[in-house]
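Engineer: compute the structure for the input listed below.
(2 chains)
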Amino acid sequence: MLQFNKVFLSIYLLVGAYASAYSQADSIERKPNIVLILVDDSGLMDFGAFGGEAKTPNIDQLAKEGMMFTNMHASPVCAPSRAMLMTGSDCHFAGVANLPEMLPKKFQGKPGYGGVLNDRVQTIATRLKEADYNTYVTGKWHLGHDQKTLPIKRGFDRSFILGASGADNYEAKGYLPMKATAQWYADGSPVDLPKDFYSSKTYIDKTISFHQEEQNKDQPFFSYIAFQAIHTPIQAPFELVEKYKPIYKNGWDKMREKRFEKAKQLGFIPFNAELNNDYHLFKKWDGLTKKEQNVYITDMSVTAAMLEAMDFHIGRYINYLTQEGLIENTIFIVTSDNGPDGADYQPMELWAKTQGYHRNLEKYGSKGYYGSLGPEFANAVASPFSYFKYYTGEGGLRVPLIIKGTKLPGKIQSDEFCFFTDIAPTIYDLAGLSTSANKGYAPITGKSMLPHILDINVPIYANDEGVGLEVANSSAYFFNNYKIVKNNIPIGDNSWHMYDLSADPGETNDIASSNAVLFQKMLSEYQDYEAEVGVISMPNGYHAQKEVGKKSIIALLKSIGPYFIVFLLLIVGFIYWHKSNRQVAG
Amino acid sequence: MNLKRIIAYVLGGITILVIGVAILAPTIVKSLGLHPDFDSKQYNLEGNRALIVTTSHGVLNKPGETTGDPTGVFASEMTIPYYEFLDANMQIDVASIKGGEIPVDPQSFIYFIKTESDKRYLKDEIFQAKVKNSIPLSEVNFKQYDVVFFAGGWGAAYDLAQSEILAEKVSDAYYNSDVIYGSVCHGALAFTEAKDTVGNYLIEGRTMTGVTMKQLEQLDISFTPKHPEPELKKAGANYQANHKTNDFFATLTVIDEEKRFVTGQNQNSGHETSQLIMKTLSEKK
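Structural biologist: Down below sits the predicted model:
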């Protein structure tokens, strides 16, 4: 692979394509179109080309023809990741250090913790307008939906977006008691959903319509598509689900091992890497009844089918761009916002039923189905890593990344460390813009990956550059191949550990005590990172899911409160009626 | 008044008294002189590096025995300088004689002894991680630091003065760098075996302090192998100390004439000693 790459690169350099493709002179004529596809909650190995079980032929083709990155790190939580993706700045700078729903009340609205994009940062769309790009967004925005933060105010010409963190995929409905409703916005105004709405389908329909309605077709475009797939509730066309059931029938442990072996074969991890299986909080597959197993198998199958459906619609977009003759000059970037979601949604099912959701396994995936992975299958999806969404273990952070452009080197697999803030400056580099923030704005903390894309031997981060990360009391600091990490409770122990990711990507062997000098240096550098970006420590005993649970219960009580009062009045009325009847009888 | 009633009143009175004393204990011991407040000045020493070195010995064993009460570093002697330096934006490493997890004297966390710095430490995962994974003495180079500070506690009586490597490192960095040394209490034992270029004691003639024999005897732990007062005197230092009826409540911080060694008498001297170190460092720069 590497050999091939070098030959390819030499030819590339010889014909001068590298020099001319994105140099200032040429780019004035033909800047590349950029399609940025964000999948929700997909682990590194979910796409077919990355070893996943789901059929994703269109994504696979992009991966095989382009560059596959196996060492991309996002934040473990969706909105902070999206803020970093859209701005290239650390999420604390961007105002989205944590989700408002995961934040104890007294921290809400503190600098960096507003939960919506602030004015200290500019988005990719705003910056690309400097180079006269047409800018479109469809899908889950989740960076604010008021008049300062809707996409139309943040550089996008056209938009069709969901404001919230998640929603039903078939109709306008929320997915948590505190988010019982969901609102979509088209070009800055609230909008009703089309009758044939299915999230992945509609987002591509709308994107294509933006192209069709475009007045300035000669200009390059930036198209950001943020799918709801595969966020809870997991829903997919019924007919796609059944075939996945035999694949997952042996349960989560087998699946986790299978992906682990596959990761070795694909060269994602060394052959002597180890898999961490020490999760005492999780259910045991063999301890479940057949019926219970079937519930889990079904949800895992719906997840795969949801990916397949998404891929199908991506294929439709690729076809459209091909037909329009736009594909040659289009660069695709495909990634995910964080690892698989291991939250337990079972306690929400009762509420979900009051909202018209169902758990009918005969109608799995279809309209109204309230599907979720659960921690055990999420842990299997996160294989070969430890932890999942919300945690800074690699399973929460490591996401797939594909960069494919006809004029860029392809058929390459890169295991170079990269971080979510690198994507925006990479796009700026591709568009011939400065990779630094404009004057008066918070620094862009990421680095352009373009030098590495053009020559895989050029590292993205120099060997004296580290990267810090913090969200919801989970933290990490990366330095060369090393990582120090603190995972919050309940699955983490809230204390710091150190791993050599090149040898131990599964984070099974803590090397802090045998590397105390480096460990302490990295701790001090992490501390500097915290001070620089303005991290606020959460109180003792804080954990994100508990906070979400607490807010859900309050929301639930608020929603059933009026019914409860009516119920009480009825009882009082009945007693009064009963008494007066008896008096009449007496 | 019958007897029962009298007993009830007496018992009630005693209970109230005990509760009152328990509640007031932190204030009482502080007013007597334990961990006194110090009018700390805010320094900015960004770019400077400090190293805190502690004991690795965790058992208060008597001569000839291997078992005893748990001991180690006295928490405040490590946490107070750590936060003084950290709040001045210094980068701090934590080392111990053997490396690995540093034993911390559990008595330091008794509620009326525990300092604000100790409370901060108990919530500080970063500092805790450094204490759990301290750098072994063999792997540290004192010359890379601007300050090297030795914390005390009874554990230090067992392994600071006894370490030949430590004595060598102290001498080496004294001659080959500008490092400022600091210590409180038993931490001064780090200096007592260091030699100068001709083989004399490095600290000969220097004004220094460390925990007094009187304090050790009053606390009934003078059976530990090395005592700062006699060891400092033996090495020719100009030993100074303050005394009170109970030396546990006394304190003193001194600096040698060459301004290379800043020493504090005991657990009460942490703030003042750290402050004098930073004052000396900032005047030097």
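Engineer: buried residues in stretch A:505-524?
Structural biologist: A:505-507, A:510-513, A:515-524 (16 or more other CB atoms under 10 Å in any protein chain shown). Just so you know, the C-beta spots here come from the backbone N, C-alpha and C atoms, and that holds for glycine as well.
Engineer: how far does it sit from the chain's center?
Structural biologist: From the chain centre to the centre of stretch A:505-524 is a distance of 28 Å (CA atoms, centre = their mean, to the nearest Å).
Engineer: hey, C-alpha coordinates of it in PDB?
Structural biologist: What follows is stretch A:505-524, C-alpha atoms only, in PDB (Å, rounded to 0.1, in the frame of the first residue of the first chain):
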ATOM      1  CA  PRO A 505      -5.000   0.900  21.300                       C
ATOM      2  CA  GLY A 506      -7.400  -1.100  23.500                       C
ATOM      3  CA  GLU A 507      -6.100   0.800  26.600                       C
ATOM      4  CA  THR A 508      -5.600  -2.300  28.600                       C
ATOM      5  CA  ASN A 509      -2.200  -1.800  30.100                       C
ATOM      6  CA  ASP A 510      -1.600   1.400  32.200                       C
ATOM      7  CA  ILE A 511       2.000   2.400  31.800                       C
ATOM      8  CA  ALA A 512       1.900   5.600  34.000                       C
ATOM      9  CA  SER A 513       4.100   4.300  36.800                       C
ATOM     10  CA  SER A 514       6.800   3.000  34.500                       C
ATOM     11  CA  ASN A 515       6.700   6.200  32.500                       C
ATOM     12  CA  ALA A 516       6.300   8.600  35.400                       C
ATOM     13  CA  VAL A 517       8.400  11.400  33.900                       C
ATOM     14  CA  LEU A 518       6.400  11.600  30.700                       C
ATOM     15  CA  PHE A 519       3.100  10.900  32.500                       C
ATOM     16  CA  GLN A 520       3.700  13.900  34.800                       C
ATOM     17  CA  LYS A 521       4.800  16.100  31.900                       C
ATOM     18  CA  MET A 522       1.600  15.200  30.000                       C
ATOM     19  CA  LEU A 523      -0.500  15.900  33.100                       C
ATOM     20  CA  SER A 524       1.000  19.300  33.500                       C
END
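Engineer: that one close to chain B?
Structural biologist: Yes. Shown here: stretch A:505-524 in contact with chain B (CB under 8 Å from any CB of the partner chain) through A:512-513, A:516-517, A:519-521, A:523-524.
Engineer: using a markdown table, please lay out those residues together with secondary structure and pLDDT.
Structural biologist: Formatted as a markdown table, those follow (DSSP: H, G, I helix; E, B strand; the rest coil; pLDDT from 0 to 100):
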| residue | secondary structure | pLDDT |
| --- | --- | --- |
| A:512 | coil | 97 |
| A:513 | helix | 95 |
| A:516 | helix | 97 |
| A:517 | helix | 97 |
| A:519 | helix | 98 |
| A:520 | helix | 98 |
| A:521 | helix | 98 |
| A:523 | helix | 98 |
| A:524 | helix | 97 |
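Engineer: next, count neighbours for the closest residue to chain B within the stretch 451-586 of chain A.
Structural biologist: When scored by CB to the nearest CB, the stretch 451-586 of chain A has residue A:496 as its residue closest to chain B, at 3.7 Å. Look at residue A:496: counted by other CB atoms under 10 Å in any protein chain shown, it has 25 neighbours.
Engineer: again with residue A:59
Structural biologist: Residue A:59: 29 neighbours (other CB under 10 Å).
Engineer: then residue B:59?
Structural biologist: Residue B:59: 16 neighbours (other CB under 10 Å).
Engineer: over to it: give its phi and psi.
Structural biologist: phi -130, psi 130 (degrees, to the nearest 10).
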